[in-house]
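J.: Show me how the following folds:
(chains A, B and C)
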Amino acid sequence: MLEIENVTKSFGGTQAVAGCSLSLAGLKITGLIGPNGSGKTTLFNLITGLIRPDAGEISFQGRRIDGGMTHRLASMGLIRTFQLSRVFPRLTVMDNMLLAPQRQAGERLRSLLLRFPQVRREEGEHREKACDLLDMLGIIHLQDQFAGNLSYGQQKLLELGRAVMAEPKLILLDEPTAGINPRLIRTMIDMILKMQARGQTFFIIEHNMDVVAELCEHIFVLDHGEKIAAGSPREIQNDPRVIEAYLG
Amino acid sequence: MDLLLHLTIVAAIYAIFALSLNLEVGYTGLFNFGHVAFFALGAYTSALLSLGGLSFPLAMSAGIVAAGLGGLIIGIPALKLQGDYFGIATLGFAEIVRMILQNQADWTKGPMGLPGIPRPELFSWQFDTLPAYLALVLGAAAVTFLVIGFLTLSPFGRVLKAIRDDETAAAILGKNPFAYKMKSFVIGSLFAGLAGVLWAHFITFISPGDFTLTETIVVLLIVVLGGKGTLWGPVVGAAVLIFFQESVRLLRLPPEWSGILGPLQQMVFGLLLVILMIFRPEGLIREKGKDTLARD
Amino acid sequence: MDSLPYYLQTIINGILAGCIYALFAMGLTLVYGVLNFVNFAHGELIMWGAYFLLLALAEPFALPLYAAVPVALGMTALLGAAMDFAVFRPLRRANRLTLLIAAIGLSFFLRNAAQLFWGAEVRTYGFEIRPGLRWLGVSLTPQQIAIIVISFLCIVGVYLLFFKSRIGKSMRALADNLDLARISGIHTRKAILSAWIISSLLAGTGGILLALDTNLHPEMGVVNLIKAFAATLIGGVGNIWGALIGGLIIGLAENIAVLFISPGYKDAVAFLIMVLILLSRPFIVAGERTD
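T.: The predicted structure is shown next:
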């Protein structure tokens, strides 16, 4: 699935990620934790091609993706969300969702003009599916609102829904529960578990240990850009290096 | 009555020009400050070919294609730039186009311009009279409105808006920002070329001085005044602005005033842009939550 | 004309133009560095600087040169401060497009205001052209010597102000990080005002020198804005010394280019250089600065 080999990235003089290696092979929901500044989001940025690694390789489904074009990843089956949710503020909630499906006939000029019936059909199907997902997330009543008008928590739910809607093979979630109220966290967790049951895999950066414990079967711990531990939630909780990283 | 027809024709031409710019600025978020270049390319190409004896449909098509090609050529380097830089680059390109028109007198007759551009003749109908030309222009405007409306309401248009709002997030969802921006830019250029063609054959005399930054400012004002990112915005804006501009001329002012009327009016336009941006950047017609094509 | 003096003269002309462009570019990059936007109305500060001098020299003021210049520069600085106060400060938090459009509208307003007062014709200050130095077949009029001297003084002044004074330190802090500077209690308003004043003074001085060397007309702002921007790009946006070098390069390139191409395209040279630079930058991935 996702293989990260010996990846290093420095900014100025600081090493944000240092010789990090990990593999998501065979995992369903994986967690990525570590103290602030340990390089977790940088790692996500490296995976999604927003920045180039100084060294190392990143592969997805057997193909190298490091330093590549960000927009090619979605069709390969990789989507991510952001710490500060990046919904499209001047588009409606529904439009946000409708942007997720890949290879839409209506998005390409030629098929838009020549195969209009197919476009209409796809729009209808996508709309239905979007409604289902929005309903599951409890925000269907907001479907015609501009996404920018939603509360922070609702935006994060929307971003999750949008990612799921794209039916990728792997979803990278960057602190999905940060700053949202417990009721919405519950909705999010339920959604993630429901999707996982349908075969969706997740790689989640999280600070909320309860969420991590409930969702993740396997966890990687980063500190100062290095992987310092890996294992089940229980193993990690008792690992002295992890404890020291958070306290020291 | 003649005056009214004249005004409506000019307003309709500017509506086409503004709709094309709005596709780029309002829907895709491209800061195109050189749009007049494509207007000029359409006008000059069609004018030169018509004066050379080519029939109107062919000349018009050539004008439109020339503008589109210009968009392609300028877009490939310029669209690699972000925000401000793209703005300045397009500004500069427009100046270069004007310089070429001015200096290559062996092609374009330079500063003296091209007089006597023939009125269109389509299927042996002469569009010689004002009402006839109005019909032509309104037809073209309707086509422009429908095409751009179709595009912006479609999934394609949705991607443009997403790129406008957040390019990175759009890329994460698998949309190639450069490719879409390019398409938007070229389509915008094509329609700007159409507006240019219609202008040249209406005014029947064009010169490089008609295609300066001033025209870009006017069309930009129309787009932001009417409401960018909406379909009716540019149309309403064109109507309001052109009628205002021409009605000022109606005031029979003493001749000493005519020298200052031009700059004074332009000052008002500039001021209007500033005031709009500070107090009501969304313009007259606000963007509403749009439904896409499937729901109608 | 393949003589050495001819080439030397070209180089000298290039340096002269380059000095003036350097002043324009330094002013532009200063505001960019501190406020993070390209002031599309910078060209009009240049143009109005030149026209303010014309105003001070003409009836009914008819000031002698040594008094007229400070007055003109003072008024330019006032104009710059007013621009920020009236237009850019209210838009400090607005989105990019709104800011740029407002700047363009402002520039249009100022350009036509000049045309309103002085008409569209080309004008000059009317100083007599006296013979200057002759050396190796190259001539340098007193005006041109003044250009080099004054530019040099301005550059030194900028250096002292920017790197050796407290207000300069504030400006550099702002350039680094506007929000951080605000929180750390740096007097942002004063620093921003200073940036505008210096930027306007540089623009005004350059404008006067340019008008001295060539002429005045209301459209002179736009073309010089593009050249100033090209110069800032060459040197790296926000980098004051880069702007200086960029200006000199543009000045030289322009004048050397005229040896090969038609003079009608002289103004396009700066622009072409800018395009080449922009094209050679790495492709910015999906809008993010991939640093």
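
J.: For stretch C:204-214, list the C-alpha coordinates in PDB.
T.: These are the backbone C-alpha positions of stretch C:204-214, laid out as PDB (Å, rounded to 0.1, in the frame of the first residue of the first chain):
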ATOM      1  CA  GLY C 204       9.500  60.700  -6.800                       C
ATOM      2  CA  THR C 205      13.300  61.200  -7.100                       C
ATOM      3  CA  GLY C 206      13.500  58.600  -9.800                       C
ATOM      4  CA  GLY C 207      10.600  60.200 -11.600                       C
ATOM      5  CA  ILE C 208      12.100  63.600 -11.500                       C
ATOM      6  CA  LEU C 209      15.500  62.300 -12.700                       C
ATOM      7  CA  LEU C 210      13.700  60.400 -15.500                       C
ATOM      8  CA  ALA C 211      11.800  63.500 -16.500                       C
ATOM      9  CA  LEU C 212      15.000  65.500 -16.400                       C
ATOM     10  CA  ASP C 213      16.700  63.100 -18.700                       C
ATOM     11  CA  THR C 214      13.700  62.500 -21.000                       C
END
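
J.: Mind checking the pLDDT average for it?
T.: Within the predicted structure, the mean pLDDT of stretch C:204-214 is 92.

J.: Helices of the chain, start to end?
T.: You didn't say which chain, so I picked chain A. Using DSSP state H, the helices of chain A run over residues A:40-47, A:73-76, A:93-98, A:109-114, A:116-137, A:152-165, A:182-197, A:209-215, A:233-238, A:240-247.

J.: The chain in question should be chain C.
T.: Per DSSP H, chain C carries helices over the ranges C:4-35, C:42-57, C:65-83, C:96-118, C:142-164, C:166-176, C:178-183, C:188-213, C:220-235, C:240-257, C:266-280.

J.: looking at these, which one has the lowest mean pLDDT?
T.: Among the helices of chain C, helix C:178-183 scores lowest, with a mean of 65.

J.: tell me how far the host helix or strand of B:K181 is from the chain's mean position?
T.: Applying DSSP states H and E as the criterion places B:K181 in helix B:177-203. In terms of CA atoms, centre = their mean, to the nearest Å, the gap separating the centre of helix B:177-203 from the centre of its chain is 7 Å.

J.: for the helices of chain C, which one sits closest to A:F203?
T.: Closest of the helices of chain C to A:F203 is helix C:178-183, at 31.8 Å (criterion: CB to CB). Heads up, the C-betas are built off the backbone N, CA and C, glycines and all.

J.: now the helices of chain C in TSV, with distance to B:D165?
T.: Listed next are the helices of chain C as TSV, based on distance: least, CB to CB, whole Å:
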stretch	distance to B:D165
helix C:4-35	24
helix C:42-57	29
helix C:65-83	30
helix C:96-118	12
helix C:142-164	38
helix C:166-176	28
helix C:178-183	23
helix C:188-213	29
helix C:220-235	27
helix C:240-257	33
helix C:266-280	24
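
J.: Out of those helices, the one nearest chain B is which?
T.: The minimum distance between chain B and those falls on helix C:96-118, with 2.7 Å, by CB to the nearest CB.

J.: Against which helices or strands is that closest one packed?
T.: Counting contacts by 3 or more CB pairs under 8 Å, 6 or more residues apart in numbering or on different chains; DSSP states H and E, helix C:96-118 packs against helix B:83-103, helix B:213-226, helix B:258-279, helix C:42-57, helix C:220-235.

J.: what about 10 Å?
T.: helix B:83-103, helix B:213-226, helix B:258-279, helix C:42-57, helix C:65-83, helix C:220-235 (3 or more CB pairs under 10 Å, 6 or more residues apart in numbering or on different chains; DSSP states H and E).

J.: what inclination does that helix have with respect to helix C:220-235?
T.: Angle, helix C:96-118 to helix C:220-235, by axes from the mean of the first three to the mean of the last three CA atoms, to 10 degrees: 140 degrees.

J.: Show me what counts as buried in helix C:96-118.
T.: C:97-116, C:118 (16 or more other CB atoms under 10 Å in any protein chain shown).

J.: Select, out of the helices and strands packed on helix C:96-118, the one closest to C:L201.
T.: Set against C:L201 and scored by CB to CB, the helices and strands packed on helix C:96-118 come closest in helix C:65-83, at 5.6 Å.

J.: so the closest one versus helix C:142-164, what angle?
T.: Here the directions of helix C:65-83 and helix C:142-164 differ by 50 degrees (the same axes, to 10 degrees).

J.: near chain C, which residues of chain A?
T.: Contact residues (CB under 10 Å from any CB of the partner chain) of chain A with chain C: A:11-12, A:45, A:48-52, A:67-71.

J.: hmm, try it at 7 Å
T.: A:49-52, A:70-71 (CB under 7 Å from any CB of the partner chain).

J.: Below-threshold pLDDT in chain B: ranges please.
T.: Counting by pLDDT under 70, chain B has low-confidence residues at B:249-258, B:288-296.

J.: That should have said chain A, apologies.
T.: Within chain A, the stretches with pLDDT under 70 are A:248.

J.: export stretch C:227-239 as CSV, just CAs?
T.: What follows is stretch C:227-239, C-alpha atoms only, in CSV (Å, rounded to 0.1, in the frame of the first residue of the first chain):
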residue,chain,number,x,y,z
LYS,C,227,10.2,47.9,-15.6
ALA,C,228,10.4,48.3,-11.9
PHE,C,229,8.7,45.0,-11.4
ALA,C,230,11.0,43.3,-13.8
ALA,C,231,13.9,44.6,-11.8
THR,C,232,12.6,43.4,-8.5
LEU,C,233,12.1,40.0,-10.0
ILE,C,234,15.6,39.8,-11.2
GLY,C,235,17.0,40.6,-7.8
GLY,C,236,14.4,38.6,-5.9
VAL,C,237,11.2,40.2,-4.6
GLY,C,238,11.6,41.9,-1.3
ASN,C,239,15.4,42.2,-1.7
